[in-house]
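Enquirer: Coordinates for the following, if possible.
(chains A and B)
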Amino acid sequence: MAGGPRRQYNNPIIRWIEYRLPIVSTMEATLGRDMPTPRNLNYWWSMGMILTVALAIQILTGIFLAMHYVPTAEGAFDSVERIMRDVNNGWMIRYMHANGASLFFAAVYIHIMRGLYYGSYKAPRELLWILGVLLLFIMMATAFIGYVLPWGQMSFWGATVITNLFSAIPLIGETLTTWIWGGFAVDNPTLNRFFSLHYLLPFVIAGITVLHIWALHVHGPSNPIGISPKGKHDTLPYHPYYTTKYLTVFGITLIIFAFFVFYEPLYLNHPDSFKPADPLSTPSHIVPEWYFLPFYAILRAIPDKLGGVVMFIASVAILFLVPFLDTSKVRSSRFRPIYKQFYWIFIADVILLGWCGSQPAGGIALLLARIGTVYYFAHFLLVMPLVGWFEKPRPIPDGISKPVIPKERGDIPTRSSPEAAE
Amino acid sequence: MNNSSLLKIIISLAVLTLCNYAYAAGDAPVPPKKEWSFNGMFGTFERDKLQRGFKVYQEVCASCHSLKYINFRNLTEIGFTPEEAKFIASQAIVPGGIDDDGEPFERPGRLSDPLPRPFPNDNAARAANGGALPPDLSLITKNRNYGPNYLFALLTGYVDPPSGFELSPGMSYNKWFAGHQIAMSAPLSEDIVEYPDGTKASIDQMAEDITHFLHWAANPELEERHSLGFQVLIFLVLLTILFWFVKRAVWRKIDH
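Expert: This is a model prediction of the structure:
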């Protein structure tokens, strides 16, 4: 990162700092200055920026919530109500934080879908992708733990269901679960440590995000046609071109976000989360937040507890292997007529799983969840390697600046420049 | 916008809708939708309904149900003057802590006091109610599916059980309660309260007023949220249009 001749800075203060601690040049090298960016990026590439914003929203609102939150089984629920009623603008901070989690996951899922469609995980960006999956894992842990903190019924029972999964591990399961709980059930010690971890993990996310962006800037972002830029004529400086392009997405995202915060703050909320935790009364139907539903469906689809837990974890962990499972030499699905169909079937499958996860386990939902689970894994373990092997890709254009693609029936129109993508 | 973008947006919306339906699903019947003044982007509470609803709470509900997150000072938010709120508070007898001799004592309520609870603890509440715990009402429209619509339907849904329905002793039949057996007997009856503004205290009227009041108790920030949200949205829309023009200006120079 720090190789090559250092830039000379005009600003005397920066020069003074650089001479003693080359932090500015290091940051420019890792986080990018005038980063040459493929000139054909479409709007789906804006999610990285949205995710950074979402992380910032969560950390900032979270810090203020933590100033008023009481992490005890006795005081948690009341303190959250106090935030909602008596803290100045506390309702806004809390609704931003609660809906911010949904924004975060919506953006991360679009980000991942984009990566899967355009083959962003392929060489030389495997590590970039793997860091991303790691971020997803930590995000999920953080969101789950955060959901426990208000200590409502869904918090408590969600925590009970999920922490109980550890007990399925052979030999050490029971001991491990007791250790995680800090007792023999989800209780005050559990809440205390969850609060501590919920404050810690976002900063771990922030740290890994720096690595993620650093890895991104080594080879630059992939692009919709998946051909690496061959020179200056294929790229544009990130600023001002993509900063301005993605500011529009940023604005639209904030509009949607504000709509939810101010007008439908409880749209994605379960009413039971407004009942105080009661260990003696189990909600009739325990459901996680929407962003966990597909994985929850996979967990319940397996009749065996340990098997369910293994598949639950595997359903996310399998993303780590995607760069190695996809055998196609072509990055972008635009040139992969067969894989593109499978891609959308896969998306439909995940949505189907999400629906199954929201239903009480049993009947048609359980059957569909089982079929969906099998297909979910088959997509990664069979479709990805085999289609990549057998598929005959469409002709690839010579370069970004003059892509010569035959116009197809219109599912993915040809774009000759970023403007055409709108 | 190309077809795949559209498809993705449709999919996202489908997911949102699905989740909502999923959460709303339950074994209880779906109560009818009712028009409320607090619905919609410009929704506000009606002060006269809030105050009548408070009267219903005080004279009917408060004998069993607490409203623990509401303080007397909050009554000024529903249109009472500070003097009126002070007077209402002073009518209540609340625990005053420990006096100089180490004895607990009681005193008239102040603005800073929460509304008094009908029972000292949950066990006392259960003991007085045949084993059933009357829930705190502060969040009742937030922690029940269909919120205000459900509450209104429940309060007006006491009917005779259909023939063949076996009602356990001490229970009442309610059209809208999950399982139809509810421990709370019909709380409202014609003219059980006397409204100072002369409004006829029909069951529907009282149910509407108390639901209005309790929705305020659950969402005291609602009016501020709606009006601030509108300003925020206007600002963001203008900002986004500005962003769009900046983008166009910057990209115009690019050959494509």
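Enquirer: Near whichever residue of the stretch 151-300 of chain A sits closest to chain B, how many residues? Count them for me, please.
Expert: For the stretch 151-300 of chain A, the residue closest to chain B is A:Phe262, as judged by C-beta to the nearest C-beta, at 2.5 Å. C-beta coordinates here come from the backbone N, C-alpha and C atoms, glycine included. By other C-beta atoms under 10 Å in any protein chain shown, the residues close to A:Phe262 number 23.
Enquirer: Got phi/psi on it?
Expert: Per-residue torsions, A:Phe262: phi -90, psi -30 (degrees, to the nearest 10).
Enquirer: is it true that it touches B:Ile234?
Expert: No - using C-beta atoms under 8 Å, A:Phe262 is not in contact with B:Ile234; the gap is 11.7 Å.
Enquirer: Using the three-state scheme, assign residue 205.
Expert: Looking at chain A here, since you left the chain open. helix (DSSP: H, G, I helix; E, B strand; the rest coil).
Enquirer: who touches it in this structure?
Expert: Neighbouring residues of A:Ile205 by C-beta atoms under 8 Å, 6 or more residues apart in numbering or on different chains: A:55, A:135, A:138-139, A:142.
Enquirer: Lowest-scoring secondary structure element of the chain by mean pLDDT?
Expert: Picking chain A for this. Least confident element among the helices and strands of chain A, by mean pLDDT, DSSP states H and E: helix A:23-31 (a mean of 84).
Enquirer: my bad, the chain I had in mind was chain B
Expert: helix B:3-24 (a mean of 53).
Enquirer: okay, A:Leu171: pLDDT?
Expert: The confidence metric pLDDT takes the value 94 at A:Leu171.
Enquirer: A strand includes it, no?
Expert: No - assigned with three-state DSSP, A:Leu171 falls outside any strand and is coil.
Enquirer: picking that back up, how far does whichever helix or strand comes after the least confident helix or strand of chain B sit from its chain's centre?
Expert: Proceeding N to C from helix B:3-24, the next assigned helix or strand is helix B:47-59, under DSSP states H and E. Centroid separation for helix B:47-59 versus its chain: 13 Å, with C-alpha atoms, centre = their mean, to the nearest Å.
Enquirer: Next: stretch A:336-343.
Expert: 23 Å.
Enquirer: and if you look at stretch B:193-208?
Expert: With C-alpha atoms, centre = their mean as the basis, stretch B:193-208 stands 18 Å off its chain's centre.
Enquirer: residues making contact with that stretch?
Expert: B:48-49, B:52, B:55-56, B:59-60, B:151-152, B:155-156, B:188-192.
Enquirer: So for it, mean pLDDT?
Expert: 96.
Enquirer: Sort out which residues of it are buried, please.
Expert: The neighbour-count check on stretch B:193-208 (16 or more other C-beta atoms under 10 Å in any protein chain shown) flags B:193, B:195, B:201, B:203, B:205-208 as buried.
Enquirer: mind putting the residues you listed in CSV, secondary structure included?
Expert: Shown next, in CSV, are these (three-state DSSP):
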residue, secondary structure
B:Val193, coil
B:Tyr195, coil
B:Ala201, coil
B:Ile203, helix
B:Gln205, helix
B:Met206, helix
B:Ala207, helix
B:Glu208, helix
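Enquirer: Can you flag the buried ones in the contacts of A:Ile205?
Expert: A:55, A:135, A:138-139, A:142.
Enquirer: Among those residues, find me the one that's closest to chain B.
Expert: The closest of the buried ones among the contacts of A:Ile205, once distances to chain B are taken by C-beta to the nearest C-beta, is A:Met139, at 17.7 Å.
Enquirer: coming back round to it: so which of the buried ones among the contacts of A:Ile205 are also by chain B?
Expert: Contacts with chain B within those, counted by C-beta under 8 Å from any C-beta of the partner chain: none were found.
Enquirer: Partner strands of the next helix-or-strand element following the least confident helix or strand of chain A and their direction?
Expert: For helix A:23-31, the succeeding helix or strand toward the C-terminus, using DSSP H and E, is strand A:36-38. Strand pairing for strand A:36-38, using DSSP bridges, gives strand A:235-237 (antiparallel).
Enquirer: Tell me the buried residues in the strand it pairs with?
Expert: Using 16+ other C-beta under 10 Å as the test for burial, strand A:235-237 gives A:235-236.
Enquirer: From the chain's centroid, how far away is that strand?
Expert: With C-alpha atoms, centre = their mean, you get 27 Å for strand A:235-237.
Enquirer: middle-most residue in chain B, spatially?
Expert: The residue lying closest to the centre of chain B (C-alpha atoms, centre = their mean) is B:His215, at 2.4 Å.
Enquirer: quick one: that one is in a strand?
Expert: No - assessed with three-state DSSP, B:His215 is helix; it does not lie in a strand.
Enquirer: Please name the residues that touch it.
Expert: Counted by C-beta under 8 Å, 6+ apart, B:His215 has contacts B:36, B:38, B:45, B:141, B:147-148, B:151, B:222.
Enquirer: Can you tell me which of these comes closest to chain A?
Expert: Nearest to chain A among the contacts of B:His215, counting by C-beta to the nearest C-beta, is B:Gly147 at 7.8 Å.
Enquirer: rewinding a little: now the residue nearest to the centre of chain B: how far from chain A?
Expert: Per C-beta to the nearest C-beta, to the nearest Å, B:His215 is found 12 Å from chain A.
Enquirer: got it, and B:Trp216?
Expert: Distance from B:Trp216 to chain A, by C-beta to the nearest C-beta: 12 Å.
Enquirer: What strand or helix carries residue 134?
Expert: The chain I'm using is chain A. Assigned by DSSP H and E, A:Leu134 belongs to helix A:126-148.
Enquirer: try chain B instead
Expert: Using DSSP H and E, B:Pro134 sits within no helix or strand.
Enquirer: Equivalent analysis for B:Pro196, please.
Expert: Going by DSSP H and E, B:Pro196 is not in any helix or strand.
Enquirer: Any stretches of the chain with poor pLDDT?
Expert: You didn't say which chain, so I picked chain A. A:1-6, A:33, A:402-422 (pLDDT under 70).
Enquirer: Can you look at chain B instead?
Expert: Flagging of chain B using pLDDT under 70 yields the residue ranges B:1-27, B:255-256.
Enquirer: Recalculate using a threshold of 90.
Expert: Low-confidence segments of chain B, defined by pLDDT under 90: B:1-29, B:95-97, B:130, B:169-170, B:253-256.
Enquirer: Now flag whichever of the buried residues of stretch B:193-208 is closest to B:Leu167.
Expert: Using C-beta to C-beta, B:Ile203 is the member of the buried residues of stretch B:193-208 that sits closest to B:Leu167, with 20.7 Å.
Enquirer: Looking at the buried ones among the contacts of A:Ile205, which is nearest B:Trp251?
Expert: A:Leu55 (27.5 Å).
Enquirer: so that closest one makes contact with A:Phe104?
Expert: Yes - using C-beta under 8 Å, A:Leu55 makes contact with A:Phe104 at a distance of 7.2 Å.
Enquirer: and the residue in chain B that chain A sits nearest to, which of the three is it?
Expert: As assessed by C-beta to the nearest C-beta, chain A sits closest to B:Gly229 within chain B, at 2.5 Å. Under three-state DSSP, the three-state class of B:Gly229 is helix.
Enquirer: Output the set of residues of the stretch 51-200 of chain B in proximity to chain A.
Expert: Where the stretch 51-200 of chain B comes near chain A, counting by C-beta under 8 Å from any C-beta, the residues are B:69, B:74, B:138-139, B:142-145, B:147.
Enquirer: If any of the residues you listed are buried, give me the PyMOL selection for them.
Expert: Remark: buried members of these, expressed as a PyMOL selection using 16+ other C-beta under 10 Å:
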select buried, chain B and resi 69+74+138+139+142+143+144+145+147
